[in-house]
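[1] Fold the following, please.
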Amino acid sequence: MRNEVELVLGCQRNDPRAQAAFYNLYKGRLLGVCRRYARTVMEAEDIFQEAFIKIFNKINDLQKPESVEYWVKSLVVRTAIDHYRQNTNERQFVDYEAIENQSDADIGVISQLSHEEIVGAINQLPDGYRMVVNMYLIDGYEHNEIAKILQISEGTSKSQLSRAKVHLRKTLQEMGVVL
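    Residues are numbered from 1 along each chain as shown. Now for the predicted structure:
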């Protein structure tokens, strides 16, 4: 099996075998990323397909093939966010002056849950909360980055995260997880 750099170079030459291998290499990981941002499996698959079209259309722009994993994940996350924007009729973001400081320690209980339970709990969040939780807690974006990407204020990002944690606590308690 070829390594990732060889696959990128093959994709840049439009080699169908390299493209198929590249697609299959990332499918499992990236479909999981899409699933976190989508409400349904079908929606996640749509986002994934759209992202891979962008990946193959832009693969020649990738100048450092060794950074392909970060580049691909970033494109998938941005595609999921674009999909959210295109399919949201009404923004659910509200900028709150005072944000309750909550402890992150109780989020550690998530380790008690299966992947499916975690995704299910996150998918029960309102769209705005879900986007910020995914970007901040899972994908590692900072609030200033989230604010730029989602075109909201940094305070709104923090507020959405704070309120999402409250919502997640309630959902986890309903699932029988002791906080």
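
[2] For this structure, just list every one of the helices.
    4-12, 16-37, 41-58, 68-86, 115-123, 127-133, 143-150, 154-174 (DSSP state H).

[3] in the chain, what spans have low per-residue confidence?
    1-2, 88-113, 115, 177-179 (pLDDT under 70).

[4] re earlier: could you single out the most deeply buried of the helices of the chain?
    helix 127-133 (a mean of 23; mean count of other C-beta atoms under 10 Å). For the C-beta atoms, the positions are set from N, CA and C on the backbone; glycine is no exception.

[5] Can you tell me the closest non-neighbouring residue to Glu145?
    Of all residues not flanking Glu145 in the chain, Met135 sits nearest, at 7.8 Å (C-beta to C-beta, 6 or more residues apart in numbering).

[6] who touches the one you found in this structure?
    77, 141, 145-146, 149-150 (C-beta atoms under 8 Å, 6 or more residues apart in numbering).

[7] same check, this time on Asn123
    39, 130.

[8] do you know how far it is from Val77?
    Using C-beta to C-beta, to the nearest Å, we find Asn123 at a distance of 16 Å from Val77.

[9] quick revisit: between the contacts of Met135, which is nearest Thr171?
    Distance to Thr171 across those (C-beta to C-beta) is lowest for Ile146, with 21.5 Å.

[10] Please name the nearest non-neighbouring residue to the closest one.
    Closest to Ile146 by C-beta to C-beta, 6+ apart is Ser157, at 4.4 Å.

[11] right, and that neighbour touches Val132 too?
    Yes - using C-beta atoms under 8 Å, Ser157 is in contact with Val132, at 5.6 Å.

[12] shouldn't Val5 be in contact with Leu62?
    No - with contact defined as C-beta under 8 Å, Val5 and Leu62 do not form a contacting pair (10.4 Å).

[13] Overlap in contacts, those two.
    What both Val5 and Leu62 touch, as defined by C-beta under 8 Å, 6+ apart, is the set Val68.

[14] where's the nearest residue to Ala147 once chain neighbours are set aside relative to Glu4, distance?
    Excluding the flanking residues, the one nearest Ala147 by C-beta to C-beta, 6+ apart is Glu154, at 4.5 Å. Computed as C-beta to C-beta, the Glu154 to Glu4 distance reads 34 Å.

[15] next one: Arg39
    31 Å.

[16] what's the answer for Ile138, then?
    Ile138 is 22 Å from Glu4, by C-beta to C-beta.

[17] What of Asn24?
    Asn24 is 12 Å from Glu4, by C-beta to C-beta.

[18] now do Asn123
    30 Å.

[19] need the contact list for the residue nearest to Arg163 when sequence neighbours are not counted.
    Distance criterion C-beta to C-beta, 6+ apart; nearest residue to Arg163, sequence neighbours excluded, is Tyr129 at 6.2 Å. Tyr129 makes contact with 92, 160-161, 163-164, 167 under the criterion C-beta under 8 Å, 6+ apart.
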